[in-house]
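**Student:** Fold the following.
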Amino acid sequence: MIRFEDVSFSYDGSTRIISGLNYVIEKGSRTSIYGKNGAGKTTLVNLIGAMKMPDSGKVSVDGRDTGESRSKQEIRKKIFYVFNNPDTQIIAATVEEDIAFNLENRNLPAGDIKGRVEFASRLLEIEDILKLPVYFLSPVDKLKVVIAGMAAGEPQYIILDCQELFYELWGVVRIEEIFSKMAAAEPLTVVWVTSNRKQLPAGYKLTEMSGGKLKDL
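**Tutor:** Prediction:
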């Protein structure tokens, strides 16, 4: 469960992007956050993963306060972000190395890493490019590599802040197929961020970010 309790945030100390927000995203739910550009959508989801800290109030994930230093690492293990520009998330030299990167940082056994990379590459149908340098890849293939890294990592929370490229590549039906095949110890929670009303996914709880608050549509 993701909980916002009287959360406020500003970049300049005066103009509040988020103001007195109280909201709960239930475990295992599908939530779509719609809002115009500049409404604070990305700021909001960055607060979830402790990439930004609120000026006041509290953000918690499964009861862990994002403001507590000892909780941040545990929270970040549970969450996977997909952003609009895959270049910002690809780190390693080859496709295979990039999918394995976060798994190696978690010190998983080599056999587990190999199995997860193989599973994720089959799921995304990129087995034939595993050995390729990432700079050879198209934007679409780079996004597939990011999603493969997501699938291999088995997160509990997925935040899709990638809008046009992602939606045009798969749409909701295909990504839900991927989610359904991902191994997960707990129900998967998905937050889909968009500034395009036409991309509000069917089957998701619809919300709107406006005036510093999140409200149900």
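
**Student:** Give me the neighbour count for Ala92.
**Tutor:** Ala92 has 16 neighbours, counted by other CB atoms under 10 Å. Where you see a C-beta, it was placed from the backbone N, CA and C, and this is true even at glycine.

**Student:** Each with direction, which strands does the helix or strand containing Val82 pair with?
**Tutor:** Take DSSP states H and E as the rule and Val82 turns out to sit in strand 79-83. Applying DSSP bridges, strand 79-83 is found paired with strand 157-161 (parallel).

**Student:** Can you give me the distance of Ile90 to Lys27?
**Tutor:** 30 Å (CB to CB, to the nearest Å).

**Student:** What lies in contact with the strand holding Val82?
**Tutor:** Contacts of strand 79-83 with the rest of the structure, by CB atoms under 8 Å, 6 or more residues apart in numbering, involve 45, 48-49, 61, 89, 143, 146-147, 149-150, 153, 155-162, 166.

**Student:** In terms of packing, which of Ile90 and Lys27 has more residues around it?
**Tutor:** Ile90 (20 against 15).

**Student:** Assign a three-state SS to the more buried one, would you?
**Tutor:** coil (DSSP: H, G, I helix; E, B strand; the rest coil).

**Student:** residues near the closest residue to Ser19 other than its chain neighbours, how many?
**Tutor:** Closest residue to Ser19 apart from its sequence neighbours, by CB to CB, 6 or more residues apart in numbering: Gly212 at 3.3 Å. Residues near Gly212, counting by other CB under 10 Å, number 20.

**Student:** same deal with Lys58?
**Tutor:** Residues contacting Lys58 under the criterion other CB under 10 Å number 14.

**Student:** sec struct for the residue nearest to it when sequence neighbours are not counted, please.
**Tutor:** Spatial nearest neighbour of Lys58, chain neighbours left out: Glu5 (4.5 Å); criterion: CB to CB, 6+ apart. When classified by three-state DSSP, Glu5 comes out as strand.

**Student:** pLDDT wise, what is the closest residue to Met182 other than its chain neighbours at?
**Tutor:** Nearest non-adjacent residue to Met182, counting by CB to CB, 6+ apart: Ala151, 5.2 Å away. Ala151 carries a pLDDT score of 91 in this model.

**Student:** Quick check, Ala151 in contact with Ile178.
**Tutor:** Yes. The pair Ala151 / Ile178 is scored as a contact, 6.7 Å apart, by CB atoms under 8 Å.

**Student:** Name the residues contacting each of these two.
**Tutor:** Counting by CB under 8 Å, 6+ apart, the residues touching both Ala151 and Ile178 are 123-124.
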